[in-house]
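> Predicted model, plus sequence, below.
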Amino acid sequence: MKLRKVTKIIVVLVLLIVSVYLSIEPKYTSSSGVTPPFITHFPTFIAHKSIISNKSHPNTIDAIEEVLMSEVPGVEVDVRLSKDGVPIIYHANTLEEETNGVGKPEDYVWADLEKLIYKNTPNSRIMSLEKLLTVVGTKKFIFLDVKTYKIFNQQLATALTALINKYQLQETIFVESFNPFLLLSIRLTAPDILIMYDFTTSSEAPSKDFESQFKKIPWLLKQPFIQKQIRRLIRPDLLSPRFNVNEDVLKSLIDNGYPVVAYNIDTPQAAQGLLDIGVKGIQTNKSMSIIQRVKTSQATYDAGGSGVIPSKIIHVQTIEDIQEAVQLARATQKKITIAGLRHSMGGHTLLDNSIQLDTLSFKKVIYNPETMTVNIEPGATWKRVQKVLDRYGRSVKVMQGDNIFTVGGTVSINIHGWQTNSAPLASTVISLKVMTADGKIHHLHRDDNSPLFKAVLGGYGLFGLILNVELETAPNTALKFKAEFIDPNDFGHAFEKYVATNPKAELAYGRLCVDKHHLFKYAGLYWYEQTHADKLEDLKFKPPITDNRGILRASETYNWGKKLRWSAEKTYVQRMLHANAISRNNAMNTDIQILWPIYRTHKDVLQEFLIPKQNLNAFVASLKKHILDFKVNILHVTIREVKQDNISLLPYAKTDMFGLLCAFSQGRTPDEEKQMRQFTQKVIDDLLQLEGVFFLPYRLHYTKEQLLTAYPEIKEWVRLKKTFDPDNMFDSEFFQYVSKEED
Ligand SMILES: Cc1cc2nc3c(=O)[nH]c(=O)nc-3n(C[C@H](O)[C@H](O)[C@H](O)COP(=O)(O)OP(=O)(O)OC[C@H]3O[C@@H](n4cnc5c(N)ncnc54)[C@H](O)[C@@H]3O)c2cc1C
């Protein structure tokens, strides 16, 4: 009897906890396996059905061409499947509503559909999705509004995924739908495709025009509780509330971090109101008039959280665009800042009132099988380069630990990675094409001993704009994961034994435990070594990784989270030790999505300290002391080897070193900024005593004196910049800081 009562109480408690959990709006944590590029580059205005004027019929090639010629950054079209499985662009439910055909488009094969003509616009025909993708490419963001009557439509999901993959448009296409099953199916089979969940909280259609569309949405999908669970389950990249969405719901979604796109907003006042409360994008039939009359946030940020208001942001796609921008800067006496993905953290891509050149759409990648080299335009990310190389059995030789960065930004920082026995990236650069401030294009080869070549590598965009990079590549080998848990004091020896003297080791890094009761008391050394495999898997995106993110973020707030993280790491390592061999490309296919902060009150900041190998233990002891003294919140420390750099003019790897990449969580208050600055300066004081160097792409917390000690070459470097760019046309907050005379 007693037992039954206890059981009842437990059941009631569990039900209570579950219902409270289900009633809470989940925080925005997209489950895509990638960091969406829109984090830095969002299409604020989206032409609904590709309408920007009444000259062309919506959803036709003519309408698309109008959008391409306009400033509107995004285009929305309706996509459905023909009877023979071809994705087509068409809005209405029946053909007679818009064309000279009759019946449902789904009942006809593509060969019949493509002959149909739109009413009143005899030159316009139904377009296939493939045609749209070839015409638009990466020039605009594309929103594919999926139309389907079926609850499960795997054929449509597969067809869309195949086309997006074929044209490599994962970074600029969003698949949107009311149908959670379709979105889930895409998310599970292709986690690198971005999805937008459409939903409504209205109980009735806003007007007659929308009645048929509104009626088709099942009752269940109109229930806010169910929608919340769909957001929890699918974790979409974007949300699009439709029709008359309750303003409180909208605000709650924005407060929980969701990027929201509002639907069919056709007056500047309404658009302005929505943007003012934090809506990210406006889908509209009147984009031209809205663009002109609505004030958008002009600020642009980098990963360190600094923001500036540029005079203009130009999304360059060609060399001609860049030439025009340089001319414009000269004519208007503006400075130019250059931006890739803006993951540098010290205003390297920012300056108030500058013209910011955003290179993300300038991103062709061409592999040459004869020379086994790859030519890359600067806006291409490593992810994009890997996709191309993977097809040829090749791999990137040196890159960062993660693959989301642009190649232009990476070369300009002269990064280093976890590839063994490797100097920084400069050692793999064969040639560069660079435009200097006078508009001249220089073809620079590593054999020519040109000062400009050496200056541009690690030149932070100050010597000229990189237009093309030619890189060496490496074979895409089969690799097996290995690991040892060690005493951090033995790290140097262990590295020598398992990695440095191991000819099979290709990738390696170490990790220190950051639990505050065991700070730096344990270390893991992980490496991949060559093995044999009959067949290697193609480059594939990892499944959703939000659970890892949950653990990382728990470690931000609680020490039990840090403990949990270390034990999760050990469990993960055990699993990896028993896993099959993987390709080098797959081992290097890691995104930083897991690192995104959940709470907007805090940000992650990085610092990297490089130390000659023999001084590692002394530096780790000093770092530990300062972390405890200043009570800064350390999230992780990764240790990698970097060989001496004999190429760039401003080298950080002055000898063979260990680099300690440290991530901290910091509140966004002036006090915490000051505390982090003071902490960093103390660490750097000890670092310099131990002949170490700090890396330059992070926060500008070092003093001018520390800069000159770590980088005595910087005076010469600044002088050389003046010879190539006497007016400092290429500028940034970083340059203003490092070049100013007084501290
Ligand atoms: C989570 C995280 C992990 C990191 N891991 C590593 C690591 O493992 N190893 C490492 O070495 N670094 C690492 N970094 C630093 C990272 O490599 C740099 O921040 C890198 O620049 C980011 O690339 P980006 O596309 O964001 O470049 P941006 O930040 O956009 O640009 C970087 C610099 O390059 C310049 N630039 C950009 N494009 C061009 C161009 N076409 N021509 C000339 N100049 C240009 C910019 O003006 C700027 O000075 C990491 C950073 C983060 C945030």
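Perfect, I can see it now. Numbering: from 1, shown residues only.

> where do the helices sit along the stretch 101-250 of the chain?
Along the stretch 101-250 of the chain, counting by DSSP state H, counting those that start in this stretch, helices occupy 110-113, 129-136, 154-166, 180-189, 211-215, 224-234, 247-255.

> With distance to Leu13, mean pLDDT and mean neighbour count added, can I get these in JSON lines?
In short, each C-beta sits where N, CA and C put it, glycine included. Below are the helices of the stretch 101-250 of the chain laid out as JSON lines (distance: least, Cβ to Cβ, whole Å; pLDDT from 0 to 100; neighbours: other Cβ atoms under 10 Å):
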{"stretch": "helix 110-113", "distance to Leu13": "57", "mean pLDDT": "97", "mean neighbour count": "17"}
{"stretch": "helix 129-136", "distance to Leu13": "51", "mean pLDDT": "96", "mean neighbour count": "19"}
{"stretch": "helix 154-166", "distance to Leu13": "40", "mean pLDDT": "94", "mean neighbour count": "18"}
{"stretch": "helix 180-189", "distance to Leu13": "30", "mean pLDDT": "92", "mean neighbour count": "20"}
{"stretch": "helix 211-215", "distance to Leu13": "40", "mean pLDDT": "78", "mean neighbour count": "13"}
{"stretch": "helix 224-234", "distance to Leu13": "21", "mean pLDDT": "92", "mean neighbour count": "16"}
{"stretch": "helix 247-255", "distance to Leu13": "27", "mean pLDDT": "88", "mean neighbour count": "15"}
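
> possible to save those helices as a markdown table with distance to Pro726?
Formatted as a markdown table, those follow (distance: least, Cβ to Cβ, whole Å):
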| stretch | distance to Pro726 |
| --- | --- |
| helix 110-113 | 59 |
| helix 129-136 | 41 |
| helix 154-166 | 46 |
| helix 180-189 | 52 |
| helix 211-215 | 60 |
| helix 224-234 | 54 |
| helix 247-255 | 46 |
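
> Relative to the ligand, which of these is closest?
With Cβ to the nearest ligand atom, the closest approach to the ligand among the helices of the stretch 101-250 of the chain belongs to helix 154-166: 22.4 Å.

> Helix, strand or coil: sort out whichever residue of the chain sits closest to the ligand for me.
Among all residues of the chain, Gly409 sits closest to the ligand, at 2.0 Å; criterion: Cβ to the nearest ligand atom. Following DSSP: H, G, I helix; E, B strand; the rest coil, Gly409 is assigned to helix.

> doesn't Ser422 fall inside a helix?
No: Ser422: not assigned to a helix; according to three-state DSSP it is coil.

> quick one: low-confidence ranges for the protein?
For the chain, the stretches with pLDDT under 70 are 1, 33-40, 541-547, 593-599, 742-743.

> what's the single longest helix in it?
Counting by DSSP state H, the longest helix found in the chain is helix 2-23.

> Can you give me the buried ones in it?
The neighbour-count criterion (16 or more other Cβ atoms under 10 Å) identifies no buried residues in helix 2-23.

> Quick check: next helix or strand after it?
Scanning forward in sequence from helix 2-23 by DSSP states H and E, the next helix or strand is strand 45-47.

> following that following strand, which helix or strand comes up?
Next helix or strand after strand 45-47 toward the C-terminus (DSSP H and E): helix 61-69.

> ok, residues contacting that next one?
For helix 61-69, contacts defined as Cβ atoms under 8 Å, 6 or more residues apart in numbering pick out 47, 49-53, 55-57, 75, 77, 121, 123-125, 127, 131-132, 135-136, 139-140.

> Name every strand pairing with the following helix or strand past it and say which way it goes.
Downstream of helix 61-69, the first helix or strand assigned by DSSP H and E is strand 74-81. Partners of strand 74-81 in the sheet, by DSSP bridges, are strand 45-47 (parallel), strand 87-89 (antiparallel), strand 141-146 (parallel).

> okay, those strands in JSON lines with mean neighbour count and distance to Ser555 next?
Output for the strands paired with strand 74-81, formatted as JSON lines (neighbours: other Cβ atoms under 10 Å; distance: least, Cβ to Cβ, whole Å):
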{"stretch": "strand 45-47", "mean neighbour count": "27", "distance to Ser555": "37"}
{"stretch": "strand 87-89", "mean neighbour count": "24", "distance to Ser555": "43"}
{"stretch": "strand 141-146", "mean neighbour count": "25", "distance to Ser555": "34"}
